[in-house]
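S.K.: sequence first, then the predicted structure, then my questions.
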Amino acid sequence: MSRIGKQPVNIPDKVTVSVKDNVVVVKGPKGELSKPFPKEIGVVADAKVVNVSDLTEKKTAGALHGTVRAIIRNMVEGVATGYSKTLLIEGVGFKALLKGNVLDLALGYSHPIRYTIPAGVNVVVTDGTKLVITGADRHMVGQVASTIKLYKPVEPYKGKGVRVEGEYVRRKEGKKTA
């Protein structure tokens, strides 16, 4: 049995959690999230606490016990405070423009890269080289940041590319001339 799964999830004020047919719906000031979970995992929501229990002694249910609890905790925290990631674009001529819900990236290729931002995620471009990605769903915020980062990963010689703020990239020494 999971140690994480045994811990209850506290529900802050202004957040409501409801469970119907193993579909958890969390509503709060930042939005609404819903997610279905397997029948082997029991989810019970009270006024201030959500408890997750393993209904069977199967190995797969035991593996999902802590994961389900962590996902529900992330949903509650997301609708209460939200999640954000900051991406930095480094390189000469590298920039980003936001046109509606389409992010236009100039990353040193012969063509601009156009990325359509999914619903539920907001992107703000500041100074043309800093992207702030926010949303209630932790998975979607991370997925959008990862997808944008994969268009031009940071190369180790000059440090050009897209990186997450605070990320360390090991730099390599270039060629030496004799």
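M.R.: Good, I have the coordinates. Numbering: from 1, shown residues only.
S.K.: chain neighbours aside, what residue packs nearest to residue 101?
M.R.: Leaving aside its chain neighbours, residue 101 sits nearest to residue 117 (4.8 Å; criterion: Cβ to Cβ, 6 or more residues apart in numbering). C-beta coordinates here come from the backbone N, C-alpha and C atoms, glycine included.
S.K.: next structured bit after whatever helix or strand residue 24 lives in?
M.R.: Following DSSP states H and E, one finds residue 24 within strand 23-28. The C-terminal neighbour of strand 23-28 among helices and strands, as given by DSSP H and E, is strand 31-36.
S.K.: now that next one - C-alpha only, CSV.
M.R.: Presented in CSV, the C-alpha positions along strand 31-36 are these (Å, rounded to 0.1, in the frame of the first residue of the first chain):
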residue,chain,number,x,y,z
GLY,A,31,-11.2,27.0,-13.5
GLU,A,32,-12.7,23.5,-13.5
LEU,A,33,-10.8,20.2,-14.0
SER,A,34,-12.3,16.7,-14.3
LYS,A,35,-10.5,13.3,-14.7
PRO,A,36,-11.7,9.7,-14.7
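S.K.: got the domain boundaries for this protein?
M.R.: 3-80, 83-164 (automatic domain parsing).
S.K.: from residue 123, how far out is the residue nearest to residue 101?
M.R.: Computed as Cβ to Cβ, to the nearest Å, the residue 117 to residue 123 distance reads 5 Å.
S.K.: repeat that for residue 151.
M.R.: Counting by Cβ to Cβ, the gap from residue 151 to residue 123 is 14 Å.
S.K.: neighbour count winner among the two?
M.R.: residue 123 (20 against 13; other Cβ atoms under 10 Å).
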